[in-house]
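Student: Pasting the sequence and the predicted model now:
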Amino acid sequence: MSIKVQNITKIFGQQKALDNVSFEIESGEIVGFLGPNGAGKSTMMKIITGFIPANNGEVFINNKNIVEEQNYIKRVIGYLPEQNPLYYDMYVLEFLRFIAGIYSLPNKKARINEVIELTGLIPEMHKKISALSKGYKQRVGLAQAIIHNPQVLILDEPTSGLDPNQIVEIRNLIKDLGKSKTVLLSTHIMQEVEAICDRVLIINKGLVVADNSIKGLQTKLKIKVRVLNLETLKPVDEKKVKAIAGVLQIQNLGNNNYNIEFDASKDIRQDIFNFVVKDDNTVLSLQLKEQSLEQVFTKLTSRLK
């Protein structure tokens, strides 16, 4: 099920939160939606889900206009907002029964039990929501977003408040859901995007500044400095390494492990290997490090400052 965003503009008072934004997400894609705070991510998600209207432009879900087909859109979209709205006086089971009732789900009990297991809520299912930790409250929010088995998932910071083990569990769940659903995922955790997303949309000051795969972004941006990771049997003479043509800087990481920054226009791998061997040492590992998504993000979102 596809998402098509066409020339969306949103203005709050004197501030243009979104400026003629357009993009498409194909059925079955998991797309990371990135941007600094205030870039317009949450606003875009609220427009896609029909929570707020755009000033200009249109959004289509499976070729259906979200304004003209509101009842259809509500059935096929699952949404977890950044500020997770829950009824704190309800118990977890009670709340999920309430949500299942809103969607008039058949076999409510079986589906609730399935979602509770999927989101790891079994230990807390009989507690009041107010008594849950932030991480478990986030799981309840995710459970309500997927309970009606939507074909499109809009997730705004879904792992906020989770501990590292919980993040891995929810990340795996999202990846699994992405096999049969279209997912738009907003997060500040770059490792999360690298682990589960097929593609990245980066927005800055209301403008889309990148739309590509992670590898595509790394290739497209001109990289002036690259990093080579070197591990040797014995310590290297860092001054001699810095004297090799093309080397800009060497960082000692400890345990005979080094990051070597070098001019991207020159491939120094053979030179480094030859130097280590000639210096009566042994190369244990020599690995070219790709520019990280965090570096790409910083580069793109600093251009408009």
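Tutor: Received the coordinates, thanks.
Student: Could you use CA atoms for every contact and neighbour count after this?
Tutor: Fine.
Student: Residue 143 touches residue 114, doesn't it?
Tutor: No: contact status for residue 143 versus residue 114: not in contact, 9.7 Å apart, counting by CA atoms under 8 Å.
Student: More neighbours: these two, which one.
Tutor: residue 143 (25 against 13; other CA atoms under 10 Å).
Student: contacts for the strand or helix carrying that one?
Tutor: Per DSSP states H and E, residue 143 falls inside helix 134-146. Under the criterion CA atoms under 8 Å, 6 or more residues apart in numbering, residues 78-80, 84-86, 92, 96, 99, 115-116, 119-121, 124, 129, 153, 158-163, 166 lie in contact with helix 134-146.
Student: cool, stretch 272-290 as well?
Tutor: By CA under 8 Å, 6+ apart, stretch 272-290 touches 218, 226-234, 236, 241, 244, 269.
Student: Please apply the same query to stretch 41-48.
Tutor: With contacts defined as CA under 8 Å, 6+ apart, stretch 41-48 is touched by 5, 17-18, 33-35, 52-54, 59, 66, 81-82, 154, 156, 186, 203.
Student: hmm, 6 Å instead?
Tutor: Where contact means CA atoms under 6 Å, 6 or more residues apart in numbering, the residues beyond stretch 41-48 that reach it are 52, 53.
Student: CA atoms of that stretch as PDB?
Tutor: Extracted as PDB, the C-alpha positions of stretch 41-48 are listed here (Å, rounded to 0.1, in the frame of the first residue of the first chain):
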ATOM      1  CA  LYS A  41       8.700  15.600  10.700                       C
ATOM      2  CA  SER A  42       5.800  15.400  13.200                       C
ATOM      3  CA  THR A  43       3.800  17.900  11.300                       C
ATOM      4  CA  MET A  44       4.100  15.900   8.100                       C
ATOM      5  CA  MET A  45       3.100  12.700  10.000                       C
ATOM      6  CA  LYS A  46       0.000  14.400  11.400                       C
ATOM      7  CA  ILE A  47      -1.000  15.500   7.900                       C
ATOM      8  CA  ILE A  48      -0.500  12.100   6.500                       C
END
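Student: Quick check: mean pLDDT of it?
Tutor: Summarised as a single mean, pLDDT over stretch 41-48 is 94.
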